[in-house]
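# Predicted model and sequence follow; I will ask about them next.
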Amino acid sequence: QLQLVESGGGLVQPGGSLRLSCSASGFTLNVYHIGWFRQAPGKEREGVSCISLNGGSTNYADSVKGRFTISRDNAKNTVYLQMNNLEPEDTAVYYCATPDPFRQCVLYPSAMKYWGKGTLVTVSS
């Protein structure tokens, strides 16, 4: 069973930064395109960013472009989301997710098959 585990969430002031990590146990991530998604209180889950197998292709939701950067280190079996200049509107539970092996990641939660349990990011002064 594919298991994804997110870490790195926490409380940060507006304008601050956090780096989230998504790791896997028992299998290799390098055959999976990976996405980050988030769900704010009272809102639907939304796509944040996707990265291709080798990291050569990325895409972002308009709301995070220029502030967030997705990357991966396949040797460490980990995908990262660097979040800079955080805003209160970024407060949410952040999830990493993936479709079946080699299937492209898209920023639609319904297209993803495997999910982590999420990590909470709170942006507040």
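In hand now; what should we look at?
# now the residue sitting nearest the centre point of the chain: how far from residue 70?
The residue lying closest to the centre of the chain (CA atoms, centre = their mean) is residue 36, at 2.4 Å. Distance check for residue 36 against residue 70: by CB to CB, to the nearest Å, it reads 6 Å. In short, each C-beta sits where N, CA and C put it, glycine included.
# Low-confidence bits of the chain, can you list those?
Scanning the chain for pLDDT under 70 picks out nothing.
# Helix, strand or coil: sort out residue 110 for me.
helix (DSSP: H, G, I helix; E, B strand; the rest coil).
# Can you get me a residue count around it?
Residues near residue 110, counting by other CB atoms under 10 Å, number 7.
# follow-up on the earlier one: quickly note the distance from the residue nearest to the centre of the chain to residue 104.
For residue 36, the distance to residue 104 equals 15 Å [CB to CB].
# re the thing from before, can you list residues touching both of residue 36 and residue 70?
Residues touching both residue 36 and residue 70 (CB atoms under 8 Å, 6 or more residues apart in numbering) are 49-50, 79, 81.
# Could you list which of those belong to strands?
Among those, DSSP state E puts 49-50, 79, 81 in strands.
# At which residues are the strands of the chain located?
Along the chain, counting by DSSP E, strands occupy 4-7, 10-12, 18-24, 34-39, 46-51, 58-60, 68-73, 78-83, 92-98, 114-115, 119-123.
# So which bits of the second one are buried?
Right, strand 10-12. Neighbour-count burial for strand 10-12, counted by 16 or more other CB atoms under 10 Å, picks out residue 12.
# Identify the residues contacting it?
Defining contact as CB under 8 Å, 6+ apart, one finds that strand 10-12 is touched by 18, 86, 120-124.
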